[in-house]
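Novice: Coordinates for the following, if possible.
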Amino acid sequence: AQGYADAFRTDRVQRAALSGRHGAIAVIMTQWGGQFVQKEATPWTLLDGKPALARFADTLSGMERLVDDDATSIGAAIDHGRRMLERIPFLPERRVIDVSGDGMNNQGRLPRFARDDAVAAGIGINALAILSDHATLDRYFRAEVIGGPGAFVVPARDYTDFRDAIRDKLVREIKFIA
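Specialist: Numbering: from 1, shown residues only. Just a heads-up that it's a prediction; the model follows:
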């Protein structure tokens, strides 16, 4: 979560979040692992100014990373994201699930089926692939995970690259929405 916190503190992400037509974005963070492990780390939060962005970053800074014994259920994570977006307390112009991960699906529903259901519901999916354990994970994410208009994958060589990669991904994602 620290990489996300650092990203939300950058001028680039803050400018992107506040420069759209509404001057705000709504976000929720879920940590996920195996088929039955999706933990809402934050509630839906409206980021409508620098103080809100700073508070959100502070909330993320205090979180520990959820680890689930090498279980990876991308399909369950996408399904959870879709359910959260169906209950969003705002009226978004675009709904997007951001999948960040370091492994391929090894448990539960296949991501392509969850992706197809999300896209059919009007939800886009973008991803950040951490390549430290799987050098071609970005290709897997392109084929099996992302979907919808303008969908993309940002690769990070390892966890040391994550902060910059997630910053760049968030800016690209937000600017597409705005």
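Novice: What ranges does the chain have for its strands?
Specialist: 25-27, 30-32, 38-40, 45-47, 95-101, 123-130, 153-156 (DSSP state E).
Novice: Tell me which of these lies nearest to S19.
Specialist: strand 25-27 (10.2 Å; C-beta to C-beta). (Each C-beta comes from the backbone N, C-alpha and C, glycine too.)
Novice: For that closest one, which outside residues touch it?
Specialist: Contacts with strand 25-27, where a contact means C-beta atoms under 8 Å, 6 or more residues apart in numbering, come from 17, 42, 44-47, 56, 88, 90, 92, 174, 177.
Novice: hmm, try it at 7 Å
Specialist: For strand 25-27, contacts defined as C-beta atoms under 7 Å, 6 or more residues apart in numbering pick out 17, 44-47, 88, 90, 92, 174.
Novice: Give me the average confidence score over the longest helix anywhere in the chain.
Specialist: Criterion DSSP state H: the longest helix present in the chain is helix 159-177. In this model, helix 159-177 has an average pLDDT of 89.
Novice: One more: stretch 102-117?
Specialist: Per-residue scores along stretch 102-117 average to 96.
Novice: Give me the pLDDT for the residue sitting nearest the centre point of the chain.
Specialist: Nearest to the geometric centre of the chain sits D98, at 2.3 Å (C-alpha atoms, centre = their mean). D98 carries a pLDDT score of 95 in this model.
Novice: re earlier: ok, of the contacts of strand 25-27, which one's closest to M104?
Specialist: Nearest member of those to M104, counting by C-beta to C-beta, is I174, at 27.3 Å.
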